[in-house]
Structures are given as C-alpha cells and as structure tokens.
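Q: from the sequence below, what's the structure:
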Amino acid sequence: MVFTGRHAVRLCGLGDALNKSKQQLGRFALTGAALAALTFGSADSWALGLGRLTVQSSLGETLRAEVDITSLTPEEAANLKIRIASPEAYRAAGVDYNSVLPTTQAALLRRADGLPFLADSYDEGMKLYKAQKPLMEKKLAEQGMVLLYSVAWPPQGIYSKKAINSAADLKGIKWRSYSPSTARIAELVGAQPVTVQAAEFTQALATGVVESTMTSGATGVDSKLYEHLKYYYDVQAWLPKNAVIANKKAFDALDKASQDAVMKAAADAETRGWTESRKVNETTLATLKANGMTVTPPSAQLKADMKKVGDTMLKEWLDKSGAEGKGLVDAYNKK
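A: Below you'll find the predicted structure:
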C-alpha cells in the first residue's frame with residue numbers, strides 16, 4: 001500500500017492468487033475500482049475522477065493495486081464509503097463480473113507521505129509514518145482491515161538529460177508526469193508535463209518526448225534510465241510506503257497467542273524492510289554511477305527552490321484535507 005499526498009482506492013484480493021499476467025491484473029484492478037459503489041452519507045452515488053493505476057502484486061500473487069482519486073472535496077472524503085459493486089451493477093455497465101471480486105476488499109486512503117519535500121529522508125519518513133500510523137489504523141479498521149506493517153520505498157529524485165542547478169533550469173523541460181503530484185510539480189517549476197505510460201517510457205526517452213522525470217534510484221536501475229538520461233539529483237522528494245494488511249474478521253478470529261505471533265513477525269518484517277530499503281537505495285545509486293550517470297545531491301539553490309514547491313503543495317493539501325490532515329501534519333511536526 002503506498003500512502004502519498006492524495007486519496008486512493010486500495011484493492012486487495014483475498015482469495016487464491018490470480019494466475020494472470022500483470023497486464024491482466026491491471027485491467028481487473030481498474031475495473032474493480034471504476035465500478036466500486038461510492039456512497040456518501042445519503043443513498044446518493046457519485047462518480048470520482050480516477051488517476052494513475054498501480055498494480056503492486058506480481059505474477060501468481062494475490063491482487064494488490066491502487067487507483068488514485070484525482071478529484072474529491074474534504075466534505076466528500078469525510079462521508080465516503082467504498083465497496084465493490086454488485087454483480088447487477090457490473091452487468092448494467094456491460095462488464096464481466098470476475099469470480100474473485102467477492103473476496104476483494106476496497107478501501108479509501110488519505111495519504112500524506114507523497115507530499116514532496118515534507119519528509120525528505122529515511123529518518124523523516126519514519127517520523128511521518130509514526131505520525132500517520134494511528135490514523136492509518138483507524139481508517140483501515142473502519143473498513144474491516146488491520147495494519148500489519150509498512151515499509152518505505154527508496155526516495156524519489158530528479159532525472160534529467162541536462163544539468164539542473166535551480167528550478168529555473170527545469171522551465172520548459174519535457175517532464176514525465178504520472179500522478180497529480182508530479183503534474184503539479186511540473187506546473188510549479190514551469191516544466192512541460194508529458195503523460196507517458198510505463199510501457200512506452202523507454203521509447204519516449206529515446207525519441208526525446210521525455211527529457212526528465214522524478215522517480216527512485218531503484219526504478220531508474222530497473223528501467224535503465226542511465227541509457228537515456230545523464231543526471232540524477234538525489235532530492236529525496238518523498239518516500240512512498242507499502243503496507244501489508246489483513247482482514248480484521250480473520251485476524252480477530254485468531255487466539256491471542258496467534259495474534260501476538262503475527263504482530264511480532266510483522267514488527268520484525270517492518271524493521272528488516274526499512275533496513276533493506278536503505279540498502280537498495282545505496283546499491284541502486286551506485287549502479288547508476290557505474291553506468292555513467294552523474295549522481296549528486298541537489299545544489300543549495302535547487303534544494304531551496306524545491307522546498308518552495310513543497311510548501312505550496314502542502315498548503316494546497318491542507319486546504320483540501322481539513323482538520324484530519326492538519327492534525328496529521330501537526331503530529332509529524334511535533335515528533
């Protein structure tokens with residue numbers, strides 16, 4: 001589960017692993033999210049703007065996926081309940097009803113660790129997680145789930161074809177935007193946002209459609225970005241987090257000794273996961289360097305410029321997230 005500075009629909013398949021390709025899983029996840037019944041305090045149903053789909057499970061694994069919600073007011077978020085739609089709703093929409101859907105859980109998440117430059121290191125990411133955790137547990141419990149543990153993904157940096165010494169150097173650059181946050185960053189620095197699907201990213205780099213992007217060192221190595229881009233600036237804009245959750249009814253049905261054993265194993269996995277994430281970040285940045293990429297911290301000016309971007313986006317998020325969001329950020333700042 002990735003908690004970033006937006007709302008997202010979280011989909012978890014709780015039945016047997018789906019023996020489908022990742023592409024098929026993605027189509028299934030998108031269908032499940034698009035046809036979830038989004039019900040407010042009354043019986044009214046509303047259509048939400050859906051953004052980036054992220055399938056986190058691999059071939060042969062139980063489905064784990066998220067779909068960003070790109071338009072939602074604080075009032076709507078406060079009263080929103082989400083569930084997978086009925087077979088009748090699928091038939092009415094002309095979409096096949098997958099037999100796995102009854103065992104799929106959907107949850108609405110308010111996310112804060114994708115706010116750029118709020119928590120810009122592993123230490124700050126852990127500090128934010130500790131501030132988030134009570135709210136995460138509360139929200140998941142309301143939707144029948146239990147948080148077991150959460151681990152940070154390596155931090156996000158700026159890749160570019162040219163040297164970047166300040167935000168002014170990003171003006172007009174073709175910037176791959178793959179989420180509301182990355183699109184807003186592009187807008188604030190004057191970059192030219194380009195929407196490119198992951199499958200087309202390499203071609204877009206090779207043909208000059210994309211000249212810059214923001215992602216982690218790990219993704220840079222996996223995508224061989226060093227073959228097309230020359231610079232990586234380790235701005236550590238944010239550290240997305242994955243989370244492992246369990247069905248609350250199933251967890252509550254365990255005896256106390258078993259519950260304690262599960263939570264002990266989860267705590268150990270969390271500690272191990274954060275340590276391994278740091279190692280992955282270090283080794284992948286070294287791999288970028290070994291393949292000829294210039295890997296460097298941001299200049300003082302670029303760091304200051306990006307901090308201004310972060311401050312603007314934090315204010316915008318607080319304006320939309322209401323008292324709950326303010327309480328979360330206040331708790332983070334106090335720790």
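Q: for the chain, which residues score under the pLDDT cut-off?
A: Along the chain, the parts satisfying pLDDT under 70 run over 1-84, 100-114.
Q: can you map out the helices along it?
A: Secondary structure of the chain (DSSP state H): helices at 22-34, 74-79, 87-93, 122-142, 180-189, 201-206, 217-222, 248-252, 256-290, 300-334.
Q: for these, which one sits closest to Val235?
A: Closest approach to Val235 among the helices of the chain (Cβ to Cβ): helix 300-334, 5.6 Å. Where C-beta positions appear, they are placed from N, C-alpha and C, glycine not excepted.
Q: could you dump the helices of the chain to a markdown table with mean neighbour count?
A: Below are the helices of the chain laid out as a markdown table (neighbours: other Cβ atoms under 10 Å):
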| stretch | mean neighbour count |
| --- | --- |
| helix 22-34 | 18 |
| helix 74-79 | 14 |
| helix 87-93 | 13 |
| helix 122-142 | 17 |
| helix 180-189 | 21 |
| helix 201-206 | 17 |
| helix 217-222 | 20 |
| helix 248-252 | 13 |
| helix 256-290 | 14 |
| helix 300-334 | 16 |
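Q: can I get those helices in a markdown table with distance to Gln236?
A: Shown next, in a markdown table, are the helices of the chain (distance: least, Cβ to Cβ, whole Å):
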| stretch | distance to Gln236 |
| --- | --- |
| helix 22-34 | 28 |
| helix 74-79 | 28 |
| helix 87-93 | 42 |
| helix 122-142 | 9 |
| helix 180-189 | 14 |
| helix 201-206 | 22 |
| helix 217-222 | 10 |
| helix 248-252 | 34 |
| helix 256-290 | 9 |
| helix 300-334 | 10 |
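Q: go through those and name the closest to Leu239.
A: helix 122-142 (3.9 Å).
Q: could you say what helices and strands the closest one packs with?
A: Packed against helix 122-142 by the contact rule (3 or more Cβ pairs under 8 Å, 6 or more residues apart in numbering; DSSP states H and E) you find strand 104-110, strand 145-152, strand 241-247, helix 256-290, helix 300-334.
Q: just send these back as CSV, with distance to Tyr122 too.
A: What follows is those, written out as CSV (distance: least, Cβ to Cβ, whole Å):
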stretch, distance to Tyr122
strand 104-110, 22
strand 145-152, 6
strand 241-247, 11
helix 256-290, 6
helix 300-334, 15
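Q: so which of those is nearest Leu229?
A: Per Cβ to Cβ, nearest to Leu229 of the helices and strands packed on helix 122-142: helix 256-290, 9.5 Å.
Q: the inter-axis angle of that closest one versus strand 145-152?
A: Computed by axes from the mean of the first three to the mean of the last three Cα atoms, to 10 degrees, the angle separating helix 256-290 from strand 145-152 equals 30 degrees.
Q: re the thing from before, looking at the helices of the chain, which is nearest to Lys161?
A: Using Cβ to Cβ, the helices of the chain put helix 201-206 closest to Lys161, at 8.7 Å.
Q: which other residues reach that closest one?
A: With Cβ atoms under 8 Å, 6 or more residues apart in numbering as the test, helix 201-206 has contacts from Arg176, Val194, Val196, Val209, Val210, Ser223, Lys224, Leu225, Glu227, His228, Leu229.
Q: among those residues, who's most crowded?
A: Most neighbours among those, by other Cβ atoms under 10 Å: Val210, with 26 neighbours.
Q: with just CA atoms, put stretch 321-332 into PDB.
A: What follows is stretch 321-332, C-alpha atoms only, in PDB (Å, rounded to 0.1, in the frame of the first residue of the first chain):
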ATOM      1  CA  SER A 321      -7.800  17.700   3.700                       C
ATOM      2  CA  GLY A 322      -9.500  19.500   6.500                       C
ATOM      3  CA  ALA A 323      -8.900  19.000  10.300                       C
ATOM      4  CA  GLU A 324      -7.800  15.400   9.900                       C
ATOM      5  CA  GLY A 325      -5.000  16.400   7.500                       C
ATOM      6  CA  LYS A 326      -3.900  19.300   9.700                       C
ATOM      7  CA  GLY A 327      -3.800  17.000  12.800                       C
ATOM      8  CA  LEU A 328      -1.600  14.600  10.900                       C
ATOM      9  CA  VAL A 329       0.900  17.200   9.900                       C
ATOM     10  CA  ASP A 330       0.900  18.800  13.300                       C
ATOM     11  CA  ALA A 331       1.600  15.400  14.900                       C
ATOM     12  CA  TYR A 332       4.500  14.900  12.400                       C
END
